[in-house]
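Engineer: Here you go, sequence then predicted model.
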Amino acid sequence: MSQSRLSNYSVNRIKLSPVILLAAVLISSNLQALTLQQAEQLAIASDPAIEGYRVTASSFKDESVADDTLPDPRLSLGAVNVPVDSFDLQQEQMTQLKVGIRQDFPRGDVLAIKQQQSQHLSRAALSMADDAQLKILRDVRETYLNLFYEISAYQIIRETRQLFSELVKITESNYAAGRVNQQDVVLAGLELARLDDRSTKIQAREESYRTSLSQWIGDIAWHDITGAFPQLPALPEEVDLNQLIPQHPLIRAESEKVNASKQMTEMARQEYKPGWSLLLDYGFRSGNNPDGTERSDFATAIVSLDVPLFTGNRQDRRVSANEKKISASRYAKDDQLRKLKQLYEKNYHLWQRLQERELLYKNSLLTAARNNTKASLKAYQSGVTEFNTLMRAEITELDVRLEDLRVRVDRAVTQANILYVVGDPDNEKL
């Protein structure tokens, strides 16, 4: 994007948020141009989804500590068998002031199982944070690459327009001298107007991509970007999908969800076992016996047990329901495995074909189009060919240059999609 076009955007769009301040530091080190790597860092640093998953993981981790702790004991205080005619604590032998404590013990290994479930959910949330980071990298790269294409295509068209403007002047001069007909002048003006229309369309798409990029990095997306073609991490030479995809963060998260569902089933099975509680209390009696001796105090110890006799409509149903949830989680995991494998294979085959096209343009088409334009211009200047032949040669060279750029950008976008599946070797550095 040229400096004159950059000046069209007001500096008031830049907000002094922490992300923008970070962007200012990054960009100042690179001649005021935003690179792809800087955009990636900004997007990851400011994304709320990643932090949301990490906070969720931390909450489950805290819950796992609490889940393996016995319920708080219950303290009871009271007066028992108090006569209501006098409320005299010494009148009746049965009157007691009691203090007791009760501790409940959950069924079977519920506490340990519940702790394991929270740990699985915590690891699932951390894996989802990693997956969210990979997705952000993929989406930012795709948007930045398409933005790079539009800016570069605009520059290519402006270069061609400058040449066309010179051809229009030459054609008008030749028409005035009677060496060409009016149709050549009209054709030259038409092609010039069509180039202006293409430039306007490109500017509209550029602004659209900048708007999309701004959702991750804020208003700094409207800044200038570097002119060098964006570089992505290299793809691994050999990939074993059966080993690689199960280690993808999305699949790790699904695996942890399956394990959490298994713990739910184990907790349901624990309901076949009795829960129990222990009650200890001490009863103080005031007053004296008829023979003048002090009344004895009472101590009580009670153990209570649940008796799970009617299991058909509760325990059995809960176990069955949770087993079905395990199956559902496994199906969700298998579906994600299938989608990731299909995404890799689709993009890898496309990446290979685009590589072949890129070499074709580099080694053949660009040179042939350039030579065709030079030959047409020489022939036109010698009066051998007509003006429309020269115009077709110029337009063909323009289209070939734009298609070469499109192929290289599409190949990089495809590479970004593959990196999402296989993992990003630079991801740990961001």
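Structural biologist: Yes, it's here. This is a predicted model, so every value here is computed, not measured.
Engineer: how about the nearest residue to Leu111, chain neighbours excluded?
Structural biologist: Nearest residue to Leu111, sequence neighbours excluded (CB to CB, 6 or more residues apart in numbering): Asp68, at 5.0 Å. For every residue, glycine as well, the C-beta is placed using N, CA and C.
Engineer: quick one, what contacts the one you found?
Structural biologist: Asp68 makes contacts with Leu111, Ala112, Lys114, Gln115, as judged by CB atoms under 8 Å, 6 or more residues apart in numbering.
Engineer: how about a cut-off of 10 Å?
Structural biologist: Listed by CB atoms under 10 Å, 6 or more residues apart in numbering, the contact set of Asp68 reads Val110, Leu111, Ala112, Ile113, Lys114, Gln115, Gln116, Ser118, Gln119.
Engineer: Same check on Lys341?
Structural biologist: Counted by CB under 10 Å, 6+ apart, Lys341 has contacts Leu241, Asn242, Leu244, Ile245, Val421.
Engineer: let's see 7 Å
Structural biologist: Leu241, Ile245 (CB atoms under 7 Å, 6 or more residues apart in numbering).
Engineer: Quickly note the distance from it to Asp335.
Structural biologist: With the distance defined as CB to CB, to the nearest Å, Lys341 ends up 11 Å from Asp335.
Engineer: same deal with Leu34?
Structural biologist: The spacing between Leu34 and Asp335, counted by CB to CB, is 37 Å.
Engineer: For the two, indicate the residue with more neighbours.
Structural biologist: Taking other CB atoms under 10 Å, Leu34 and Asp335 do not tie; Leu34 has more neighbours (23 against 11).
Engineer: Can you list phi and psi of that one for me?
Structural biologist: phi -80, psi 120 (degrees, to the nearest 10).
Engineer: Which neighbouring elements make contact with the lengthiest helix in the chain?
Structural biologist: Selection of the longest helix in the chain by residue count, based on DSSP state H, yields helix 110-176. Helix 110-176 is packed against helix 36-46, helix 48-67, helix 182-217, helix 249-270, helix 387-422, with contacts defined by 3 or more CB pairs under 7 Å, 6 or more residues apart in numbering; DSSP states H and E.
Engineer: re earlier: any of the contacts of Asp68 buried? List them.
Structural biologist: Val110, Leu111, Ile113, Lys114, Gln115, Gln116, Ser118, Gln119 (16 or more other CB atoms under 10 Å).
Engineer: thinking again about what came up before, closest to Arg401 among the contacts of Asp68?
Structural biologist: Nearest to Arg401 among the contacts of Asp68, counting by CB to CB, is Gln119 at 56.5 Å.
Engineer: Please give me every residue in contact with that closest one.
Structural biologist: Ser64.
Engineer: who touches Val422 in this structure?
Structural biologist: Taking CB under 7 Å, 6+ apart, we find Val422 in contact with Leu235, Pro236, Val239, Leu244.
Engineer: Buried residues of the host helix or strand of the last one, list them for me.
Structural biologist: Translated: Leu244. Taking DSSP states H and E as the definition, Leu244 sits inside helix 241-244. For helix 241-244, burial by neighbour count (16+ other CB under 10 Å) applies to Leu244.
Engineer: what's it in contact with?
Structural biologist: For helix 241-244, using CB under 7 Å, 6+ apart, the contacting residues are Lys341, Tyr344, Val422.
Engineer: confidence score at the residue most central in space within the chain?
Structural biologist: Against the mean C-alpha coordinate of the chain, by CA atoms, centre = their mean, the closest residue is Ala132 at 2.5 Å. At Ala132, the pLDDT value in this model is 95.
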